[in-house]
Structure formats: structure tokens, C-alpha cells
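Chemist: Could you work out the structure for the sequence below:
(2 chains)
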Protein chains: 2
Amino acid sequence: MRIALDAMGSDRAPAVEVEGAVGALHELGDDLRLVLVGDREAIKAELTRHPDAPRERIDVVHASQRIEMGESPVQAIRRKPDSSVVTGLRLHKEGEVDAFISAGSTGAVMAGSLVLLRPLPGVDRPAIGTVFPTAEGPTLVLDSGANVDTKPQHLLQFARLGTIYAQDLFRVETPRVGLLNIGEEPEKGDERSVEAYGLLEEADGVHFVGNVEGRDIIRSRCDVLVCDGFVGNVLLKFYESIAGFIVHLLRRELAAKQVDLDLEQVFHTLDYTTYGGAPLLGVNGVVIICHGGSPPRAIRSAIGVAARSVERGMVDDMVRALAGPADTPEVR
Amino acid sequence: MRIALDAMGSDRAPAVEVEGAVGALHELGDDLRLVLVGDREAIKAELTRHPDAPRERIDVVHASQRIEMGESPVQAIRRKPDSSVVTGLRLHKEGEVDAFISAGSTGAVMAGSLVLLRPLPGVDRPAIGTVFPTAEGPTLVLDSGANVDTKPQHLLQFARLGTIYAQDLFRVETPRVGLLNIGEEPEKGDERSVEAYGLLEEADGVHFVGNVEGRDIIRSRCDVLVCDGFVGNVLLKFYESIAGFIVHLLRRELAAKQVDLDLEQVFHTLDYTTYGGAPLLGVNGVVIICHGGSPPRAIRSAIGVAARSVERGMVDDMVRALAGPADTPEVR
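Modeler: This next block holds a predicted model:
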């Protein structure tokens, strides 16, 4: 298996990417090869700092351009054909690699994926799935920011994509799908939610467990939580910041009292870097988007997520699920 | 000053309400009188458990009906004219009391307030403001669930209402108003947000500081944060649940390690009961809504918030602000 990693994406690129890549190569099986895409000299220089790197499993593909955070995604994709993002996605499109990972501009990765990989048949709008750590395990929240002003039928598509992801990646046979809403009853919420509730309730292949309120997310009432990208994005960013803020409050108090407590241990449950990147679901390929501020550990996890997605045939499973029950003989 | 308190609202009514009321009467000045509205016998029985209660400052007004959580708010208001909610709001409307507080059905309190007190001139949709504890102090988030499918002009109205609330209650001279969004740039977000950005930027009397992302909330980038009630409600409930969840994780770890740490102290910053209830802003009166699960301390805080709102003339200030600059001579 070959996975392309945008080596120029993160705030501390390529150091973080190279360190994460080396870690993943050691951690994962021998049949994993990584293609580092970006400034060849910078990547090579960085690699010399890792004498333990299994160089025979690392390829470097040069890309002379880099997309910056402030750039308009669509324009950047057009104007920078030799950027690390476009180059990596092109390798994926051409079958040179099985997956692409980037900690660069989310918008550019999305725009590039739409143009180069194309959405899967039956998907109007690919979605970003984010894994929320919760009391009982992971919940995939989608959309986490790829789309705003979504329609009810998009939420249904997210439910189908999320179901396959949870089956393949979380190994949950019948993932529970919830609709993020402000009350439990079907008639609660905005127009979009009320209509989506009806669609989800009727949908084949989706195990819909009803509306899920903000307070229920952390209690793992579902494996897949569908929502518009606006609220999903606000929630994700809030979650990340509040966990960090609470750790900060605690560290201050613990230091003052000279109490020795391993906060990493306590908050392991809540650490999103465990889950690495966020999959872009609904495109014809495996694309994982990481935070610009990712530590090497998050890059390593993202590579693991990409590898499992490829191994388990996630994209093919999605194509089958989206084709619907007409193609899958079943007893009614 | 007289404040009516729905004694039948909370999950543990009237015990919690009576205890909170007695606490507030001791804490606040001698010119505060409370009117406890609800089942007279139950309230009196509860009062006998508080021999220290200043009975001369407590009135009991009987209400034979109680609105239950599952009831349709609008129907409940119509069908239960002798409920504690309707009775309390009627006392407010008739000028018998200066404010009304309830930990009962949020929907019923809202519906009752709209029918009996009416919205202020210039307000299409009253909003629920919730005080989010943050790193630097309180941020008023509105709307927190009174409205979904809001229009951009409603968000502008929320900004005006929130500005006055922050001036009068937080004592901030020029409150910073933020628009909850998924990016900082004016063109980011859904259609509603983009249009609201333009309105807020142009608005007199609103100190607009731009878009505020989920990650910025906890950093107190603003005193007032406006958003649609859908996302505000999801965020509020998520916030409350995650703080509780983290405390739970910590207690487990601290107990296992036999570490003595006062978590209440650490999380004081994050404790929403400090701020008591949520004001319903934009109606012609002072209405504070509390959680059904409120402890007495939250009821006591809510009474304090109501008292300060009355003292500082919040409603009159809102009327003036909504009338706009035409009525308030100013140098241009």
C-alpha cells in the first residue's frame, strides 16, 4: 500500500510530517510505503534528522509550490498546479497512491479532491467527518465544516457515508446514527432538521436512533452524528478549545498545590490526536485532513486511519451503499 | 422591589425554589420581596423547613395548575390559565411584580411571555441569553434556543439586546459583539451569517468585533455572541455536559490516586450556576429562565440577576436602544 503525505501542510512543515511519517512506518506493517510530497530539499534535510527512518519505504515527490492558509481554495488549486496538495491528489487520482493526507488548508484539500477525485455517484456534497472522543468511545460527527446551508437530503447522504465509515473503521456492525438537534421529538428543531428526521427514519441501511441533543454527544448515544457543517464546525472547534482550556486550568491548580497527576492519562479519552485526521467522505478516494497545528502523533494516527480505510475497502463499500438496496439482493 | 418566582418549575419543586428564595432574601437587600407562585400548601410546608426565612418579605400566591415538561407550550399556556407560569407572568404584566423567574418548561415560559408581556417594539423574536463562563469572564450567548431559522435582521436585534444586557448586567461600557461563525473573514459561513455580518458592521450602537469561531468562545473574544438558536442551544448543552464529564473523569482519577484537590475551586470559572438563569431578552419585562435541574444556588443567582436587571432599568434601556439614534440626540 502506498500513501501520499503532503509534507508542506502543517504549521511546522515538513518537520512534523516527516517525524509522523517515520513513526507510522515503524508502527505499521512492512507493506506500507509513504510518498512525501513537497519541497524535495527540505524533506531530505529533515529526513537526515531521522537516521532510523526506513528509507526504502519512503519516496519523495517534488512539488515546487505551496498553498498558503489565506488563499482562496478554488483559485489556489487552479493557480498552483505544482503545489503539494494538487500533486498529492493527482498521484491518488492516477492510482500511484491509495490515499492522500494533508495538514494544509482544509478548503484547498476539499476543492482539490472535488476537482481531481470527483464525488462518488449519489453524493452531492462530500463531508468532513471528525471523530469526537466520548465517554464510551468515538462518535463520527459529519459534516464538520465542508458544507454550510445543507439540505435534508445531504444529511441523509452523510448518514450513509458515516454508517460505512463506522462499520469499516470503528468495526461497529450496525452503527447508530443520530441527528444533531435541539430536542428529542421529531418535530423539534429548524426546518432542515424536521425534514431530515423523516428522511432518516425511512432510509434503508441507516440505523437511525433519533435526535441527539448537545448534552448527549459526550454520552455516546450514537456512533455517527449528522449535522450541517456550520454547527458541526462550531462544535468541533469549541470542543478542542475547551478540553485545552480545562487542562490549562488544572495544570495551574496542580502546580500551585504541588500535586502530581498525569493529566495525559486522565484526558486520554478526550485527546483528539489519538484519532488523527478527519476523513473527507464521499469523494472517490481516501483523503484525510489534519489540523494545521498537528503534532507528529496526529500525523502518525492519520496515516493509520488512511491505511485502515484502504485495507478495509471503505470507498468500494460506500459506492455499494450509495447504489442502494436495488443492487444488493435482500429479503424484504 | 418584588420578584415572582415560579415555585413549581424545577425537577425538585418546590424544595429547590424555596431554599433558593430564602438564600436570596438573606443575601440581597431588605427591599427585596419575593412572591412564591404555586401550590400554596406545598410551598407553606416547605417554608416550615426554613425557620430562618424572613416571612415578612415572602408572599405566597396560589396557582392550582402546573405545566409539565412534555406539554405543548402554546396549548399549555391556553389550557392552564391558573398554572404557576401564567399566574406569575400575569402578576408581572399587571405591575404587581417587577420580574418573573421560572425553572419550568422553557417553551411555556417563552410562549407565556410573548402572549402576556409582548415583545418590545422593534423586536420580532425575543431571544434567550445564556452566560458562558470563559477564561476572562462571562460572554452572553444569544440566542440559546428560543428561535430557529432566524433571519439576519434577527441576529442584529439580538446584538442590540445583548449590548444593553452586557452594559447593565456585566457593567461593560462598550460591549464587544461577535458573530458566531466558522471562519474569521466576512464572506465565511452560511448565507445568514454573511448577510448578518454586513448588518452588524453597519449598525449604530453595536460595537461589532467580527466573526468569532468555536475555538474563540472560551478565550472571551467578545462580551456578546450572537447566533441562531439552533447552534446556540447545541453549544450550550454541549458545554454543560462536557464540563460535568471532565469533572467526572477527574474525580475518578483523583480518587484512585488518593489525591486531594478541590475541583469546585478549579472549575469555579466554568460553573454556570454562578450565573444562575438565562434572561429572556426582548419582551416587555424581566423574565429569567432556569434549568429544570437547577440547584438552590442557581435559583438564588437567578434572583440576583433579576434584581439587578430591575434595579438598572434594563427594559427601559432596551426600549431606548431599539428606538434607535433618531430618538437619542447625538453628534454625527
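
Chemist: where do the strands sit along chain A?
Modeler: A:2-6, A:33-38, A:58-62, A:99-102, A:127-134, A:137-142, A:176-180, A:207-212, A:224-226, A:278-281, A:287-289 (DSSP state E).

Chemist: Stretch A:294-308: how far from the chain's middle?
Modeler: When C-alpha coordinates are averaged (C-alpha atoms, centre = their mean, to the nearest Å), stretch A:294-308 and its chain have centres 10 Å apart.

Chemist: Is there proximity between it and chain B?
Modeler: No: Stretch A:294-308 stays clear of chain B (C-beta under 8 Å from any C-beta of the partner chain), getting no nearer than 14.9 Å. Where you see a C-beta, it was placed from the backbone N, CA and C, and this is true even at glycine.

Chemist: Would you mind listing what in the stretch 51-200 of chain A touches chain B?
Modeler: Near chain B, the residues belonging to the stretch 51-200 of chain A are A:Ala135, A:Gly145, A:Val148, A:Asp149, A:Leu180, A:Ile182, A:Gly189, A:Asp190, A:Glu191, A:Ser193 when assessed by C-beta under 8 Å from any C-beta.

Chemist: From what I see, the fourth one and B:Gly189 are in contact.
Modeler: If I follow you right, that is A:Asp149. No: counting by C-beta atoms under 8 Å, A:Asp149 does not reach B:Gly189; the two are 9.3 Å apart.

Chemist: intersection of neighbour lists for those two?
Modeler: When contacts are counted by C-beta atoms under 8 Å, 6 or more residues apart in numbering or on different chains, A:Asp149 and B:Gly189 are jointly contacted by A:Phe230.

Chemist: Which of these two has more residues huddled nearby?
Modeler: Regarding A:Asp149 and B:Gly189, a neighbour count based on other C-beta atoms under 10 Å in any protein chain shown identifies B:Gly189 as having more, with 25 against 15.

Chemist: need the contact list for the more buried one.
Modeler: Contacts for B:Gly189 (C-beta under 8 Å, 6+ apart) come out as A:Val148, A:Phe230, B:Asn181, B:Ile182, B:Gly183, B:Tyr197, B:Asn211.

Chemist: Generate a ChimeraX selection restricted to the buried subset of the residues you listed.
Modeler: Those of these that count as buried under 16 or more other C-beta atoms under 10 Å in any protein chain shown are selected in ChimeraX with:
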select /A:148,230 /B:181,182,197,211
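
Chemist: Which ones among the contacts of B:Gly189 lie within helices?
Modeler: Within the contacts of B:Gly189, membership in helices is found for A:Phe230, B:Tyr197, as judged by DSSP state H.

Chemist: just the contacts of B:Gly189 now: which is nearest B:Pro81?
Modeler: Taking C-beta to C-beta as the measure, B:Pro81 lies nearest A:Phe230 of the contacts of B:Gly189, at 40.2 Å.

Chemist: which non-adjacent residue is nearest that closest one?
Modeler: Nearest-residue entry for A:Phe230: A:Val148, 4.6 Å, with adjacent residues in sequence omitted and distances by C-beta to C-beta, 6 or more residues apart in numbering or on different chains.

Chemist: One more: A:Asp228?
Modeler: Among residues not flanking A:Asp228 along the chain, A:Thr150 sits closest, at 4.7 Å (C-beta to C-beta, 6+ apart).

Chemist: Likewise for A:Val286?
Modeler: A:Ala99 (3.7 Å).

Chemist: The one you found touches A:Val283, doesn't it?
Modeler: No: the pair A:Ala99 / A:Val283 is not scored as a contact, 11.4 Å apart, by C-beta under 8 Å.

Chemist: got the residues of the stretch 201-332 of chain A near chain B?
Modeler: By the criterion of C-beta under 8 Å from any C-beta, the positions of the stretch 201-332 of chain A lying close to chain B are A:213-219, A:228-231, A:233-243, A:245-246, A:249-250, A:253-254, A:257, A:259-261, A:265-267, A:269-270.

Chemist: From the residues of the stretch 51-200 of chain A next to chain B, which shows the smallest pLDDT?
Modeler: In terms of pLDDT, A:Ala135 ranks lowest among these, with 80.

Chemist: give the contact list for that residue.
Modeler: By C-beta under 8 Å, 6+ apart, the residues touching A:Ala135 are A:Ile218, A:Arg219, A:Ser220, A:Thr269, B:Phe245.
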